[in-house]
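Asker: When you get a sec, could you give me coordinates for this:
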Amino acid sequence: MEADFIVVGSGSGGAAVACRLAEAGAQVLVVEAGGSDVGPFIQMPGALSYPMNMARYDWGFRTEPEPHLGGRELACPRGRVIGGSSSINGMVYVRGHARDFDHWSERGADGWAYADVLPYFKRMECWHGAADAGASDGGSPWRGQDGPLHVSRGGRENPLFDAFIEAGRQAGYPVTADYNGAQQEGFGAMEATIWKGRRWSTAQAYLRPALKRANCRLIRAEARRVVFDAGRAVGVEVRRRGAVEVLRARREVVLAASSINTPKLLMLSGIGPGAHLAEHGIPVLADRPGVGQNLQDHLELYLQYAARQPITLYKYWNLFGKAWVGAQWLFLGRGPGASNQFEAAAFIRSAAGVDYPDIQYHFLPIAVRYDGKAVAEGHGFQTHVGPMRSKSRGWVKLASANPEDAPRIRFNYMSHPDDWTEFRTCIRLTREIMGQPAFAPYLRHEIQPGADVQDDAALDDFIRDHVESAYHPCGTARMGRADDPMAVVDPQGRVIGVEGLRVADSSIFPRITNGNLNAPSIMAGEKMADHILGRDPLPRANLEPWVHPDWRVAQR
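Answerer: The predicted model follows:
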């Protein structure tokens, strides 16, 4: 079996690039190891805690014992299903801050500054937040209106959402009408890839429309390695229906298998740190020491509060309540199940002298974990808070030369001393915000960390024991110029040292962006498609994002 292009992975980047290549008339094979995304656990936004904890939909990766977290092993969910991680994530939509992409450009990712990527964000969006954001004509020069990816806002029917936004205002922070538009900094409505009460993954936005074309085909198979001929990628070895075969690419192979599986595939194919490959008896095709390095993530804490009033989602946290929510969603397409319940957000700066936000908040009207475990105290709510630009770096390595073996993963979480300072700041700023008058009718007391956890040592103990991944791994095949020894791909996504092979997922990020990574990963797929097709990039945008005028001397 052969095609012009083979795209490995149907997730955020892979589905986008496959769709655009197929639109251009190329023959495309999309290789996906996972199965169908049909079913309520994926499609119902309110059920988001289920798919990322189900072996049916998740690769089930875990980190090695993290030395700075007391040896804890953290989950690292990645989607093994049609739509990849966009089918199991929290559906939160955050582009990132303009300065994130300017930093990419400064680090050698030429053509990836904010002015370059904004047109691609706009191309992919069908934005439904205009009225709520106060866009007078129904549109915004910052947002896209007719793209395939529906981006919406929840109704904020629970009064706790508006209390959170008002508390931020009372604490002296700005309120932003659109954190994905001109001004990220501030408190405001959160956006999500939800449409008409259903998850709008890249399977819905890109893959299914592409598969309606005769020139795009989905192959259910597990990629094992890229096949080369004289230094050029010519196909992908896969296991399908119990047998190993080679799918042939007439033009190029595109890896979009996640920031965990993409470096694994590169190394199994002979591209990576030469000494590491030699350890496993893999012939070195291109000695690229950056493959698998530069691994980054966002960590977060759940700061939880007991509620004075029974207005939280805890009233549904029983068998009857869950059945009612599920039935209302299934038959009417509405109710609590039609929202991911992350309907209010904030991006703030941790200190004067920080030029753009480095702390993110999600607000949730229940005290619960991603694994679905609720606290024993009953009605409560929580903020998810964490720093955005940790200096800690980790790695992905091979466990063996056997493609069936999961890779080794270590993020080296909290290995930089600044991480501890930043998380203490997160806790103290959050306590100030939650202590504002807006929460007086609703907040009874702090559940965790708890009022007795105050000094640095006590806070550090809490952080070490309770910090969790936000599930935003990236950076393991970063972009840069060809003369950068740690770069893995050039700014057009071409793997340095070979021909006919590109990467189009969050692996290429030089540095993690502000917020959740689904949006910038999709943007990477959109932009890489133009590079692959040899098209001129979309015209640069000449819009100036808002930066706090007193950032040098004021924290808010």
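
Asker: The lengthiest strand in the chain - contacts with which helices or strands?
Answerer: Longest strand in the chain, counting residues (DSSP state E): strand 243-255. Judged by 3 or more Cβ pairs under 8 Å, 6 or more residues apart in numbering; DSSP states H and E, the packing partners of strand 243-255 are strand 2-8, strand 28-32, strand 222-229, strand 232-240, helix 258-268, strand 501-503, helix 518-533. The way it works is simple: take the backbone N, C-alpha and C, and place the C-beta from them, glycine included.

Asker: Which among those is found nearest to residue 445?
Answerer: For residue 445, the closest of the helices and strands packed on strand 243-255 is helix 518-533, at 34.7 Å, according to Cβ to Cβ.

Asker: what's the angle between the closest one and strand 243-255?
Answerer: Angle between the axes of helix 518-533 and strand 243-255 is 90 degrees (criterion: axes from the mean of the first three to the mean of the last three Cα atoms, to 10 degrees).

Asker: mind listing what's buried in helix 518-533?
Answerer: 518-532 (16 or more other Cβ atoms under 10 Å).

Asker: Determine how far it lies from the middle of the whole chain.
Answerer: Chain-centre distance of helix 518-533: 14 Å, with Cα atoms, centre = their mean, to the nearest Å.

Asker: Helices of this protein, residue ranges please.
Answerer: 12-23, 40-43, 98-106, 114-124, 130-133, 159-170, 202, 208-211, 258-268, 274-279, 319-332, 417-434, 456-466, 518-533 (DSSP state H).

Asker: Same list (these) but as JSON lines, adding distance to residue 180 and mean pLDDT.
Answerer: JSON lines is the format used below for the helices of the chain (distance: least, Cβ to Cβ, whole Å; pLDDT from 0 to 100):
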{"stretch": "helix 12-23", "distance to residue 180": "16", "mean pLDDT": "98"}
{"stretch": "helix 40-43", "distance to residue 180": "24", "mean pLDDT": "96"}
{"stretch": "helix 98-106", "distance to residue 180": "11", "mean pLDDT": "98"}
{"stretch": "helix 114-124", "distance to residue 180": "8", "mean pLDDT": "98"}
{"stretch": "helix 130-133", "distance to residue 180": "9", "mean pLDDT": "87"}
{"stretch": "helix 159-170", "distance to residue 180": "16", "mean pLDDT": "98"}
{"stretch": "helix 202", "distance to residue 180": "18", "mean pLDDT": "98"}
{"stretch": "helix 208-211", "distance to residue 180": "23", "mean pLDDT": "98"}
{"stretch": "helix 258-268", "distance to residue 180": "22", "mean pLDDT": "98"}
{"stretch": "helix 274-279", "distance to residue 180": "39", "mean pLDDT": "98"}
{"stretch": "helix 319-332", "distance to residue 180": "26", "mean pLDDT": "92"}
{"stretch": "helix 417-434", "distance to residue 180": "22", "mean pLDDT": "98"}
{"stretch": "helix 456-466", "distance to residue 180": "29", "mean pLDDT": "98"}
{"stretch": "helix 518-533", "distance to residue 180": "8", "mean pLDDT": "98"}
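
Asker: who's in contact with the longest strand of the chain?
Answerer: 1-9, 14, 17, 26-27, 29, 31, 219, 221, 224, 226-227, 233-238, 262, 265-266, 493, 500-505, 507, 528, 532 (Cβ atoms under 8 Å, 6 or more residues apart in numbering).

Asker: Buried ones in stretch 155-166, by neighbour count?
Answerer: 156, 158, 160-161, 163-166.

Asker: re the thing from before, give the buried subset of the contacts of strand 243-255 as a ChimeraX selection command.
Answerer: To isolate the buried ones among the contacts of strand 243-255 in ChimeraX, judged by 16+ other Cβ under 10 Å, type:
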select :3,4,5,6,7,8,9,14,17,26,27,29,31,219,221,224,226,227,233,234,235,236,237,238,262,265,266,493,500,501,502,503,504,505,507,528,532
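
Asker: Could you pull out the buried residues of the least confident helix or strand in the chain by mean pLDDT?
Answerer: Least confident helix or strand of the chain, by mean pLDDT, DSSP states H and E, is helix 130-133 with a mean of 87. Neighbour counts using 16+ other Cβ under 10 Å place 130, 132-133 of helix 130-133 among the buried residues.

Asker: Return the member of these nearest to residue 184.
Answerer: residue 133 (13.0 Å).

Asker: between the buried residues of helix 518-533, which is nearest residue 436?
Answerer: Using Cβ to Cβ, the buried residues of helix 518-533 come closest to residue 436 at residue 519, 29.8 Å.

Asker: ok, the closest one - contacts?
Answerer: 93-96, 121, 180.

Asker: Redo the residues you listed as TSV? Include distance to residue 433.
Answerer: As requested, the contacts of residue 519 are exported to TSV (distance: Cβ to Cβ, whole Å):
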residue	distance to residue 433
93	23
94	19
95	24
96	23
121	29
180	22
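
Asker: Between these, identify the one with the most neighbours.
Answerer: residue 95 (29 neighbours; other Cβ atoms under 10 Å).

Asker: Please list all residues in contact with that one.
Answerer: By Cβ under 8 Å, 6+ apart, the neighbours of residue 95 are 121, 180, 513, 515, 519-520, 523.

Asker: if we go to 10 Å?
Answerer: 101, 114, 117-118, 121, 125, 142-143, 151, 179-181, 184, 191, 513-516, 518-520, 522-523 (Cβ atoms under 10 Å, 6 or more residues apart in numbering).
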